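[1] Sequence and predicted structure are below.
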Amino acid sequence: MYSPQRRDFISVTLGSQAGRTYDNSKTWRRQSCWRKWKQLSRLQRSLIAFLFVFMVVCGVAAYPNLSERWQVESLHDGELNQAEPAVEPGVAKVLPKAPPVTQPQKPRRSNLNKRGPPFLQKRLSKKESADEPKINKEDNEAEVIPNEKEEEEDNVISWRGMKIEPEQVNPALPDTKKKEPVPNEAVKEPAGLNERQMAVIEAFQHAWKGYKQYAWGHDELKPISKTYSEWFGLGLTLVDALDTMWILGQQEEFEEAKKWVLTDLNLGKNVDVNLFETTIRILGGLLSIYNLTGDQVFLDKASELGNRLMPAFDTPSKIPYSDVNIGRGTAHPPRWTSDSTVAEVTSIQLEFRELSRLTKEEKYQAAVNEVMKHIHKLGGKMDGLVPMFINTNSGQFSHLGVYTLGARADSYYEYLLKQWIQGGRKESDLLDDYLQAIEGVKKNLIRKSEPKKLTFVGEMSHNQFSPKMDHLVCFLPGTLALGAHHGLNADHMELAKELMETCYQMYAQIETGLSPEIVHFNLNPHNTKDIEVKPADRHNLLRPETVESLFYMYRFTRDKTYQDWGWQILQNFNKYTRVKTGGYTSINNVRKSENPEPRDKMESFFLGETLKYLFLLFSDDFNLISLDKYIFNTEAHIFPIWTT
């Protein structure tokens, strides 16, 4: 670590006359130096002149390395001189210790074909210096300066012996304003990364550090116990984060991950996987990074995985089973039921359709289109709203009477709209089902809380309304805004704004500033609080839905309030979920700021979705993954909108 107290220097003493006081006078210095020079012999003066010229030549030759060092040191000194962030009265001020930092490495693309967003083609094909400095946060500690005293402490919050990093309030970051945008024929490369984007990159690097050190090649990191957990054994976090690394410019990490995919991702192992989760995370991640890089490695893996998942569709009704053994080529429903959830069977379409487009094999799209056609004609809906379960044998909805936009049904509505957009807005059945469903939501599920009149989406259970709203439902503001952007009803955007405010309040009204998994809204005008959180619902899993919708809302309204809300959420993730040794953890209790009870698990979607959406939210370049050219799947993986 660079130390500002350590200085190497050469002291040259010119001498002084007896009794003379040095007064920094230019005249005195000039006369004294000239007198000393004239007293030297011609040989001495020639030798000094030769040494001076020699030093100048050496300095010119060493200029690139010196200038780079000076630049890093000047960035470091600039950090130390930054204004202190505002803190609440009575709260200890937290300042980040300043390691030598600079902008993250720009990625290299030596032999990749140019595909994907033009700005990425331009940005990632530039030649990069081999020794370009990179952010190094491994030594990033925190200094606590209570009561204006500069006393350095090891400020680590201890939760039952677990070390979590303290809040990083507006961390000091390098000045990136000097970076000029690079012109491009199609779209402009975004200007220099701003402070908030740099903070997201640092968060990603910290999370990736923990994953690489303790869980490399495994599904999920357990950051507190410094180990890992397996779900399918397919490197879930690694594949889920591939396109995030690419977008954030983390080329070194990307190349390491790509090598693992090429040599160690075994798609033929004898293991049961969940069709939905594997499709949106693994298949979606491979297709997305192929679209961004054009690297055939990823399409080959995606094609192999698609083939191995196809047995799921071999059912009497063509409604797919939930589980597939990708090694044996067999599929089955869960042991306890013959049902699949509606969200799972209707939220795999974007991925299989895109696989057909890229491979020219129609079987993938045909299988998932059959599912949508079947559900389009199916009875049992309530004003376009669907039940949560469907039987794979009969093809009929089961467990009738319960309607929600939360778990088990949420992404059905999202994919109705996104399939319509993906296909070039030509498939009228998908649009009709989406519009009917939104009208059903407004008619049956929308209410306003007391006393602040927050608009929320509840649930209907056997004709009884419940004011229960999952955090998952916070995908809806972004989806409504996306539909309005593509020409649907203007009142969808108004509803989106109201729901976005509610989703933000699900964070702002909680002690940690992080939303619980589920909230219940108050409908009693005599109560004073709009939100109630039951003990079983107080956990936070680092979910992306609110920041996802903030991204859409900012893109379409350009209201910077949405950026500010996202910034608050990122700071609270850093304060309450960041693990000192690397990674972020889910927490059990968002209502206990003094001890949120970490769960020791970092979900793959934190890297695949949450940080990606935050990075895009903080960008003012609206061509950075243009929403007129690309669509995001429900795991934030990127597919092009079809133009033919």
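    Nice, thanks for sending it over.

[2] Poorly predicted segments of this protein, please.
    Applying pLDDT under 70 to the chain flags residues 1-39, 58-191.

[3] quick one, domains of it?
    Following automatic domain parsing, the chain resolves into domains at 100-105+113-126+158-230+445-644, 267-441.

[4] Mind checking the ones you listed for the one nearest to Phe52?
    The closest approach between Phe52 and any of these, judged by CB to CB, belongs to domain 100-105+113-126+158-230+445-644 at 31.5 Å. Backbone N, C-alpha and C define where each C-beta goes, glycine included.

[5] Export the domains of the chain as JSON lines, with columns for distance to Ser41 and mean neighbour count.
    Converted to JSON lines, the domains of the chain look like this (distance: least, CB to CB, whole Å; neighbours: other CB atoms under 10 Å):
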{"stretch": "domain 100-105+113-126+158-230+445-644", "distance to Ser41": "46", "mean neighbour count": "19"}
{"stretch": "domain 267-441", "distance to Ser41": "69", "mean neighbour count": "20"}
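
[6] now those in CSV, with distance to Ala257?
    Conversion of the domains of the chain to CSV gives the following (distance: least, CB to CB, whole Å):
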stretch, distance to Ala257
domain 100-105+113-126+158-230+445-644, 9
domain 267-441, 9
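
[7] now Ala366: how far from Trp565?
    Ala366 sits 42 Å away from Trp565, going by CB to CB, to the nearest Å.

[8] And the helices in the stretch 201-350 of the chain?
    Secondary structure of the stretch 201-350 of the chain (DSSP state H, counting those that start in this stretch): helices at 236-240, 242-248, 251-264, 275-277, 284-293, 296-309, 342-345, 349-359.

[9] Output those as CSV; include the columns distance to Ala215.
    Below are the helices of the stretch 201-350 of the chain laid out as CSV (distance: least, CB to CB, whole Å):
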stretch, distance to Ala215
helix 236-240, 7
helix 242-248, 16
helix 251-264, 12
helix 275-277, 18
helix 284-293, 17
helix 296-309, 20
helix 342-345, 26
helix 349-359, 25
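
[10] between those, which gets nearest to Asp600?
    For Asp600, the closest of the helices of the stretch 201-350 of the chain is helix 236-240, at 14.7 Å, according to CB to CB.

[11] Just the CA trace of the closest one, in PDB.
    Listed next in PDB are the C-alpha coordinates belonging to helix 236-240 (Å, rounded to 0.1, in the frame of the first residue of the first chain):
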ATOM      1  CA  LEU A 236     -24.100 -21.000 -11.300                       C
ATOM      2  CA  THR A 237     -22.600 -17.800 -10.000                       C
ATOM      3  CA  LEU A 238     -19.800 -17.800 -12.600                       C
ATOM      4  CA  VAL A 239     -22.100 -18.300 -15.600                       C
ATOM      5  CA  ASP A 240     -24.700 -15.900 -14.300                       C
END
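
[12] That helix - contacts with which helices or strands?
    strand 220-222, helix 251-264, helix 284-293, helix 604-605 (3 or more CB pairs under 8 Å, 6 or more residues apart in numbering; DSSP states H and E).

[13] Tabulate those (TSV), appending distance to Gly395.
    TSV is the format used below for the helices and strands packed on helix 236-240 (distance: least, CB to CB, whole Å):
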stretch	distance to Gly395
strand 220-222	34
helix 251-264	36
helix 284-293	26
helix 604-605	30
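
[14] Not counting sequence-adjacent ones, nearest residue to Leu454?
    Here the nearest residue to Leu454 in space, its sequence neighbours aside, is Thr502; by CB to CB, 6 or more residues apart in numbering that works out to 4.6 Å.

[15] so what's the one you found up against?
    Leu454, Thr455, Phe456, Met469 (CB atoms under 8 Å, 6 or more residues apart in numbering).

[16] Just name the closest of those to Asn391, please.
    Met469 (27.6 Å).

[17] So that closest one versus His520, what's the distance?
    As judged by CB to CB, Met469 and His520 stand 8 Å apart.

[18] Overlap in contacts, the two.
    Joint contacts of Met469 and His520 (CB under 8 Å, 6+ apart) do not exist.

[19] Double-check that Tyr552 belongs to a strand.
    No - counting by DSSP: H, G, I helix; E, B strand; the rest coil, Tyr552 falls outside a strand, being helix.

[20] do you know how far it is from Ser449?
    23 Å.

[21] swap in Gly217?
    Distance from Gly217 to Ser449, by CB to CB: 46 Å.

[22] Then Met55 would be within a helix, right?
    Yes - counting by three-state DSSP, Met55 is part of a helix.

[23] ok, how many other residues are close to it?
    Using other CB atoms under 10 Å, Met55 has 10 neighbouring residues.

[24] if I look at it, how far off is Leu40?
    Computed as CB to CB, the Met55 to Leu40 distance reads 18 Å.

[25] re the thing from before, tell me which of the domains of the chain lies nearest to Gln44.
    The nearest among the domains of the chain, by CB to CB, is domain 100-105+113-126+158-230+445-644 at 41.3 Å.

[26] wait, is Met460 part of a helix?
    No - remark: Met460 does not belong to a helix; assigned using three-state DSSP, it is strand.

[27] give the contact list for Pro334.
    Ser322, Asp323.

[28] Can you tell me how far it is from Phe389?
    11 Å.

[29] shouldn't Trp567 be in contact with Asn194?
    No - using CB atoms under 8 Å, Trp567 is not in contact with Asn194, being 10.9 Å away.

[30] any shared contact partners between these two?
    With CB under 8 Å, 6+ apart, Trp567 and Asn194 have common neighbours Phe618.

[31] Can you report how many residues lie near Lys442?
    Neighbours of Lys442 (other CB under 10 Å): 14.

[32] Not counting sequence-adjacent ones, nearest residue to it?
    The spatial neighbour of Lys442 that comes closest, neighbours along the chain excluded (CB to CB, 6+ apart), is Leu495 at 7.2 Å.

[33] Likewise for Pro525?
    Pro525 sits nearest to Glu450 (CB to CB, 6+ apart), 4.7 Å away.

[34] Kindly report the same for Gly268.
    Leaving aside its sequence neighbours, Gly268 sits nearest to Gly327 (CB to CB, 6+ apart; 5.3 Å).

[35] Could you do Tyr290 as well?
    Leaving aside its sequence neighbours, Tyr290 sits nearest to Phe298 (CB to CB, 6+ apart; 4.0 Å).

[36] quick one on the thing from earlier: a helix runs through the residue nearest to Lys442, doesn't it?
    Yes - counting by three-state DSSP, Leu495 falls inside a helix.

[37] Noted, bye for now.
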